[in-house]
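> Prediction below, plus the sequence it came from.
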Amino acid sequence: MKCKFNKNKIITILLTIVITVCATILGEVSLGLVTVVPKGDYEKYKKFNKLIAMEEMINKTYYKKVNEQDLIDGAMKGLFLGTGDLYSGYFTKDEMKSVMDSSTGNFVGIGVTILSNPENGVVTIAKSWETGPAYKSGIRAGDVLYKVDDLYVTYDTVDKAVAIMKGKKDSYVDVSVKRDGKIKTFKIKRAEVSEPSVSSKMLKDNIGYIELSTFVENTPKDFNKALDKLKKENMKALILDLRDNGGGLVDKCCEIADTLIGKGTIVYTEDRNGDRKTEVSDENKLGLPIVILTNENTASSSEILTGAILGNKAGISVGTKTFGKGIVQSVISLKDGTGYKLTTEQYFTPDGKTIHKKGIKPTIEEKNREKQLQRAVEYINNKK
């Protein structure tokens, strides 16, 4: 009995085999107007069909023409918002540049340190640098940042507000703040500014005082200079002021802790899988009484430093409970100049405590800010 073969059927079978092999090797293959992709990839990306449809709807029916890049940026920001984490986010090119500039402490801007509260959305001027244009224009610490040019400032818009304030040198920006229930607007000329993250002085009874306002690239170097100067002046104890310090670069904070606490654990972090990373210090230490000043705006890296000193019994703290930000963000730059920050780990104090949304209670509580330094001095003098 002779078998009859259908020529068209044979061609179809062979073509199917070729496509299957190509798809396996290359991941996808184009056949005319049709692209064949592995089923797994199709299942992975079909969830974005609705997003693509929404983009088409906006482009076709929105009452005016929209910028495609703005839609893409908005979608990327929305992706990070979907985590529900207020500390994660996507940055455009300009926003990413602003983030990277902030880490150095040197940039063109108005010269302020701001604190943003994710719980109530309020953005406050923590410090107005005396050498900066904002201070010279009349902006002071404690002012609530209300508006930058036409942008109303909240926690959600603070990155954009910062980017606006860091415009071109010698250009102007309108900054409105709330003070004593009234809104005041200042026209400020942008200038080259350098954030003074470290300031120091010698108090009575040879008590050294160092204030850290943030942790940027040069902070450890400037801190060590201040510390050496106080040592040469025969410092007998150190008061470390971390009030209103909203954090900064964790590695720079750890460098300072290493200088103070002696051999021990500074901090350790854990990721979602429980994988642990530990930062440790060497045997070198200050060897003098240390008192830390803290308040409700002492956050993030400054809480790591506080926890390291307390956890290693290298000193005590005076003031009020710290903010309670015990999670770590990784900041990633992308090839096109954009970037993102994503919460990837939570950190623990040397004694194994997590302080996220809890804060660190002071050894000696003093709610009156004006009396906190005095209480620190009294503790040191009584210890002698």
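Structure received.

> in the lengthiest strand in the chain, what counts as buried?
Taking DSSP state E as the criterion, the chain has its longest strand at strand 339-348. For strand 339-348, burial by neighbour count (16 or more other C-beta atoms under 10 Å) applies to 339-342, 345, 347-348. For the C-beta atoms, the positions are set from N, CA and C on the backbone; glycine is no exception.

> Just the closest of these to N224, please.
Y347 (23.9 Å; C-beta to C-beta).

> Look up the pLDDT of the closest one for me, please.
According to the prediction, Y347 has pLDDT 94.

> So in terms of bridging, what pairs with the nearest residue in space to it that is not next to it in sequence?
Computed as C-beta to C-beta, 6 or more residues apart in numbering, the closest residue to Y347 that is not its neighbour in sequence is T269, at 4.6 Å. When assigned by DSSP bridges, T269 has beta-bridge partners K277, Y347.

> so what secondary structure elements neighbour the host helix or strand of K147?
With secondary structure defined by DSSP states H and E, K147 is part of strand 144-148. Packing partners of strand 144-148 (3 or more C-beta pairs under 8 Å, 6 or more residues apart in numbering; DSSP states H and E): strand 123-128, helix 158-165, strand 172-179.

> Can you give me the buried ones in the following helix or strand past the first one?
It stands for strand 123-128. Following strand 123-128 in sequence order, the next helix or strand is helix 133-137 (DSSP H and E). For helix 133-137, the neighbour count (16+ other C-beta under 10 Å) marks 133-136 as buried.

> Using TSV, please lay out the residues you listed together with pLDDT.
Shown next, in TSV, are the buried residues of helix 133-137 (pLDDT from 0 to 100):
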residue	pLDDT
P133	94
A134	95
Y135	94
K136	94
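
> Kindly reformat those as CSV containing distance to D180.
Shown next, in CSV, are the buried residues of helix 133-137 (distance: C-beta to C-beta, whole Å):
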residue, distance to D180
P133, 23
A134, 18
Y135, 18
K136, 21
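
> Distance from the chain centre to the helix or strand harbouring A53, please.
In the assignment (DSSP H and E), A53 maps to helix 49-61. Remark: helix 49-61 is offset 33 Å from the chain centroid, using C-alpha atoms, centre = their mean, to the nearest Å.

> List the contacts of the longest strand of the chain.
76, 80, 83, 85, 87-91, 96, 99, 267-271, 277, 304, 326-334, 354, 356 (C-beta atoms under 8 Å, 6 or more residues apart in numbering).

> Could you measure from D159 over to A75?
Remark: distance between D159 and A75 (C-beta to C-beta, to the nearest Å) = 17 Å.

> between these two, who's got more neighbours?
With neighbours defined as other C-beta atoms under 10 Å, D159 and A75 compare such that D159 has more, 21 against 14.

> From G78, how far off is the spatially closest residue to that one that is not a sequence neighbour?
Closest residue in space to D159, ignoring its immediate chain neighbours: E95 at 5.4 Å, by C-beta to C-beta, 6+ apart. Look at E95 and G78: by C-beta to C-beta, they are 15 Å apart.

> Of those two, give the one with the bigger neighbour count.
E95 (19 against 11).

> tell me which residues in the helix or strand encompassing that one are buried?
According to DSSP H and E, E95 maps onto helix 93-104. Residues of helix 93-104 classed as buried: 94-99, 101-103 (neighbour count, 16+ other C-beta under 10 Å).
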